[in-house]
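Participant: sequence first, predicted coordinates after that:
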Amino acid sequence: MSQPLLELRHITKRFPGVVANDRVSLEVYPGEVLALLGENGAGKSTLISILYGLYRPDEGEILLEGQPVRIASPVHALRLGIGLVPQHPLLVNRHTVAENLALGIGGSLFPAQRIAPLIERLAHTYGLEVDPKAPVYGLSPGEKQRVEIVRALLRGVKVLVLDEPTSVLTPQEAQSLFRVMRELRSAGKSLIFISHKLEEVLAISNRCTVLRQGKVVGSLPTAEASKPTLAEMMVGRSVSFERKRSEPRLGEVLLEVENLRARSSRGLSALRGVSFQLRAGEVLGIAGVAGNGQSELVEVLAGLRRAEGGRVVLEGKPIAANPASLFESGVAHIPEDRIRMGTVPTMTVAENLALREFHKPPLAKGFLRDLAACEREAWAKVQEYAVATPSVHTPARLLSGGNIQKVILARELSHRAKLILAVHPTYGLDIGATEQVHKVLLGKTYEGAGVLLVSEDLEELLSLSDRIAVLHHGELKGPFRVSQTSREEIGLLMMGGDPGRPKQDAQH
Amino acid sequence: MIRLVPEPNPPRYRALWVTLGAILVAFVIAGTVFSAYGVSPLGAYRAMLEGTLFDPKGLQEVFRRTIPLLLIGVGLTLAFRTQFFNIGAEGQVLLGAVFAAGVALFVPLPAALTLPVMFVAGALGGAFWCLIAAGLKSRLGVNEILTTLMLNYVAQYMVIYLINGPWKGKDARGYIYSDQFAAPARIPVIPGTDVHWPTLLLGILLALALQFLLARTTFGYAMRVVGENPGAARYAGISTARVVLLVALLTGGAAGLAGVGEVAGIHHRLIEPLQLSSGYGFTAVIVAWLARGNPALVLLTAPLMGTILAGGDLLKVSLNMPLRVVDVFSGVMLMCLIASEVFVRNRVRWGR
Amino acid sequence: MDEILNAFARALSFGTPLLLASLGAIVNERAGVVNLGVEGMMAVGALAGFAVAYGSGTGDGNLFLAVLAAMGAGTLASLLHAFVTITLQANQFVSGLALTMLGVGVAGLLGKRFEGLPLFNQPPELPFTILAIGLALGLALAFRVTRWGLILRSVGENPAAADALGINVLGVRYLAVGIGGAMAGLAGAFLSLVYRPSWTDGMTAGLGWIAVALVIFVGWSPLRAIFGSIFFGLLYYLQFRLQGQSGIPTEVFASLPYLLVILVLALSGLRGQQGNAPESLGKPYQRGER
């Protein structure tokens, strides 16, 4: 084969206490897609940060077209021809697409206006549709991603790194991304595709490199790879792809939502007549691309947002409109944002565990808090949920993401939880913590609780839910029994399509 | 370039050393300004020290200034803990003074009841002034720093209007002030001094009470959650608006009490606003900042700033410097304190 | 008719320092830094301007140099704020407050020897007013169509995005804060050289605070700042005009501007104006917080 465009040789990066990358070597050739696979914490992010000039490696070298380079900063990386499409687009929301793209390269006068034709030309060449005049805040996650790709292309990159690009896309949007990737590949660009979704890797890449615990455990042509082999390489043991859910024990109707309407914080209509029922012992999954009303639905059910119309009935009674009394009546809420909402990072583990019931016996007598009781209860919960913390007096901010989530679970679930609102409950957690969260949630359903599981991860939804509904533009499709639906059907609904009459191209 | 390396678990006494360092730097910078004015900084500091802590008369002055700083500062620690930046204590002091003076001058009361009613009225006055800003903040999201500041000016003009108009004293000819308060409306002092000890006692009790409130009560817990993570407060159903209103009530009320102390303990009449409270509200911001959100620590920081205020006054008399000296001190001190904050949680590295 | 023309002329004159100072504040706030120290920077600028204009004691020093000195003093004061809030990441609101105390204090202290001294060459107001309006128009244009404006706005909206593209976020913020200081200094010079050629302690009289509030009122738009400052100028004029003419006590008029600021902020709150604020306003930027 010809010379690799980009080559990493024995890259090592250490952080206090961990070796994030341990003698990692890989190479990418012109006109190919290299998939970089690995679990959370396998060292993918560190490697990207090194490639993009955010970190400098402790050892090893990087060769670009055979020449050793030292990448000093993201801008330097771009100048060398290495572009990154980050997982969370780094765009100025209030600016237009053209203004965003002109930043850092436009001329002194009319930078945005002058760059617009260039954008349109690139869009045409690679099938990347973006409107230069559109403000970024109105774009879908897929469109924002395209802006990032255009940005890299505008700067003439030769190597494009895509960091988990499909994590926020529907399967159909992902297909259209793959089309763009194929165009880029045939134009001779090198692409590094980071993912842990095996189907996608098999569908788009030419070669795979798998990282585990900072080391390359294998590199092979995709043609020779299969889902089980890749999974085993990633995890280090054989993985079952079975559904985690055993037969549910369904009870009475627990939650009844009828024609629910609500507005978003921006005042836009976010829920347009949502209706569904959730039975005791059931897991109802809510799928959808972020921003289609999921947050608003959960907020209404958790008492954090006022409904504009409709009815929400819990065990036959209309729900109260404040989070404290809802918790009282058995609504547990595992929020999307563990740091800004779920915990007070500066307060101790014990204090965080008391957040819901600090004002009630046994944690308080009248106005006085019973600190001894708080500590006792905290130790009990820490043990029950196996929270790894030096002490209950440790500030929550010093805990890992998984342990913070355990603190939240311990607080929310330990007490007569009937309806559990779980939003992205395993986002950013490692395999062990993810499994534990899943086990706890499912365990609660066998005790008679109903779970409303909101997730962007279709795998998670399909593996845990009994029924799945899809939110699109504030309208709910379904719920459908998981056994009677498919990934593709759900994906189409997420796009606003209708699986009854499948459209040829869901993009238009 | 300076680079900051965060330390998740800083050594225990780091905050103390950093704070002391900041105070030292503040003295150096203020000294430079003195030099520019043509006064030897060392001489000035010596005069300040000798004239305050080592002089019975001066010590009295220190106490006199410590009392309002203690009351206001204690209230402000709570306000800052809940991210309510009340910069309007100055105005709230004035309102407290106005309400107390109103009771003293115009409400016929049994002698034994006069002072308690004045204190209550003063606290209500200060609280009312602060609640305007708190209400605007929680209702309309209006920045409380600007509103409380503007209300300072309004309070000043209100006092001037009163003592130059309807409340103008019978014996005040060219000057503007109200009539003198009758004996029952004067706070007793330690004989031979003008240290009005009941107000001092009130301040000490308030410091301890609010420390207890913060550490051991459900209100205190709610305040800390609101101040440290408003998102979590919303999530748990703790009403931020209610907590902010409660805090405003306490912080404004405490400042109002300080106003009562000034009119009923020292001046015995309502006088010009700039003489009544020459920047106590602003100095107390520093008192509270130094105490790092702990009401009980104000028992230490208030006397410290009280000494500096008394010393500044001394410079005015002995070195013929304008009263703005105190503003310079306060500004430099506050600037150094907030600038030093970062060194508590970070280590400093030079280079990239 | 004359009455109306006169009112308008006075409104422009009162509005000029407001416009200058608030344009400066718009620049630093658009870059993401709040500086509540406008009052202090104005005071320092006013004193520096007067001191240089007073010159060797003849009362007719070089006016051009005086204006430059005022702007320089304002910039210097603002850079203190920049260092504390940008490099040391301290609370921007409290730092601004400290800067006001410090600025007003230092100006009062060092200005004592200039109190009551006369200044003989009073420059005309009009050039300053024209300059202020010209700057507002230029700034509005610069925000919209220049690379510089784009960079400045990006830094205030999403500094991480700007940083990733090689824009020196901290540098841009320092520059913006410096410009804000220079403009506040210029506004101070207008007060002590043009409007009332003299130095008195406390001559800024809360104008700096009103300028800060004006920025919120006009939704961070330089164009609307022109009208906003004329509006406030008109109110000042009315305050003086109506004083003593009605049975209303003078103190009511004197406190009117402050009450108006509160009213204006409340109105901005009602209209949801706060939503116009740059997204990262008031937040320190630190790398690696992505």
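Facilitator: Thanks, I have the structure now. Just so it is clear, the structure is predicted and the values come from calculations on it, not from any experiment.
Participant: and the residue of the stretch 51-200 of chain B found nearest chain C, what's its pLDDT?
Facilitator: Per C-beta to the nearest C-beta, residue B:140 is where the stretch 51-200 of chain B lies closest to chain C, at 2.9 Å. Using the backbone N, CA and C atoms, a C-beta is placed for each residue, glycine as well. Note for residue B:140: predicted pLDDT of 90.
Participant: the nearest residue to it once chain neighbours are set aside - how many residues pack around it?
Facilitator: Excluding its sequence neighbours, the residue lying closest to residue B:140 (C-beta to C-beta, 6 or more residues apart in numbering or on different chains) is residue C:269, at 2.9 Å. When neighbours are counted by other C-beta atoms under 10 Å in any protein chain shown, residue C:269 registers 18.
Participant: show me what contacts residue C:269?
Facilitator: B:136, B:139-142 (C-beta atoms under 8 Å, 6 or more residues apart in numbering or on different chains).
Participant: output the strand or helix carrying it as PDB, nothing but the C-alphas.
Facilitator: In this structure, residue C:269 sits in helix C:250-270 according to DSSP states H and E. Output in PDB follows, covering the C-alpha atoms of helix C:250-270 (Å, rounded to 0.1, in the frame of the first residue of the first chain):
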ATOM      1  CA  THR C 250     -36.200  69.100  44.800                       C
ATOM      2  CA  GLU C 251     -35.200  65.900  46.300                       C
ATOM      3  CA  VAL C 252     -37.900  64.100  44.300                       C
ATOM      4  CA  PHE C 253     -36.300  65.400  41.100                       C
ATOM      5  CA  ALA C 254     -32.800  64.600  42.300                       C
ATOM      6  CA  SER C 255     -33.700  61.000  42.900                       C
ATOM      7  CA  LEU C 256     -35.600  60.700  39.700                       C
ATOM      8  CA  PRO C 257     -32.700  59.400  37.500                       C
ATOM      9  CA  TYR C 258     -32.100  56.600  40.000                       C
ATOM     10  CA  LEU C 259     -35.700  55.700  40.200                       C
ATOM     11  CA  LEU C 260     -35.800  55.700  36.400                       C
ATOM     12  CA  VAL C 261     -32.900  53.300  36.200                       C
ATOM     13  CA  ILE C 262     -34.800  50.900  38.400                       C
ATOM     14  CA  LEU C 263     -37.900  51.400  36.300                       C
ATOM     15  CA  VAL C 264     -36.000  50.900  33.100                       C
ATOM     16  CA  LEU C 265     -34.400  47.700  34.400                       C
ATOM     17  CA  ALA C 266     -37.800  46.500  35.600                       C
ATOM     18  CA  LEU C 267     -39.300  47.300  32.100                       C
ATOM     19  CA  SER C 268     -36.400  45.500  30.400                       C
ATOM     20  CA  GLY C 269     -37.100  42.600  32.700                       C
ATOM     21  CA  LEU C 270     -40.800  42.600  31.800                       C
END
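Participant: any idea how far it is from the chain center?
Facilitator: Distance of helix C:250-270 from the chain centroid (C-alpha atoms, centre = their mean, to the nearest Å) equals 18 Å.
Participant: longest helix in chain C, by number of residues?
Facilitator: helix C:2-30 (DSSP state H).
Participant: helices along chain C, start to end?
Facilitator: Counting by DSSP H, the helices of chain C are C:2-30, C:38-54, C:63-82, C:92-110, C:126-145, C:147-157, C:159-164, C:169-189, C:207-217, C:222-242, C:250-270.
Participant: just put those in TSV and tack on mean pLDDT.
Facilitator: Output for these, formatted as TSV (pLDDT from 0 to 100):
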stretch	mean pLDDT
helix C:2-30	92
helix C:38-54	94
helix C:63-82	95
helix C:92-110	93
helix C:126-145	95
helix C:147-157	95
helix C:159-164	91
helix C:169-189	97
helix C:207-217	90
helix C:222-242	87
helix C:250-270	84
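Participant: of those, flag the one that's most buried.
Facilitator: Per-stretch averages of neighbours, counted by mean count of other C-beta atoms under 10 Å in any protein chain shown, single out helix C:38-54 among the helices of chain C, with a mean of 31.
Participant: if you skip the residues just before and after it, what's nearest to residue A:419?
Facilitator: residue A:331 is the one closest to residue A:419 (C-beta to C-beta, 6+ apart), at 4.9 Å.
Participant: and the pLDDT for that neighbour?
Facilitator: So, for residue A:331, pLDDT stands at 93.
Participant: list the buried ones in whichever strand or helix holds residue B:3?
Facilitator: Using DSSP H and E, residue B:3 maps to strand B:2-6. Buried residues in strand B:2-6, counting neighbours by 16 or more other C-beta atoms under 10 Å in any protein chain shown, are found at residue B:4.
Participant: that one and chain A, any residue contact?
Facilitator: No: Strand B:2-6 stays clear of chain A (C-beta under 8 Å from any C-beta of the partner chain), getting no nearer than 10.8 Å.
Participant: direction included, what does that strand pair against?
Facilitator: Partner strands and pairing direction for strand B:2-6 (DSSP bridges) are strand B:346-350 (antiparallel).
Participant: which of the residues in the partner strand are buried?
Facilitator: Buried residues in strand B:346-350 (16+ other C-beta under 10 Å): residue B:346.
Participant: what do you get for stretch C:277-290?
Facilitator: Buried-residue list, stretch C:277-290, by 16+ other C-beta under 10 Å: C:277-278, C:280-281, C:283-285.
Participant: same list (the residues you listed) but as CSV, adding pLDDT.
Facilitator: Converted to CSV, the buried residues of stretch C:277-290 look like this (pLDDT from 0 to 100):
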residue, pLDDT
C:277, 85
C:278, 89
C:280, 89
C:281, 89
C:283, 87
C:284, 88
C:285, 88
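Participant: what is the nearest of those residues to residue A:492?
Facilitator: The nearest member of those to residue A:492, counting by C-beta to C-beta, is residue C:280 at 38.0 Å.
Participant: contacting residues around that closest one?
Facilitator: Neighbouring residues of residue C:280 by C-beta under 8 Å, 6+ apart: C:32, C:155-159.
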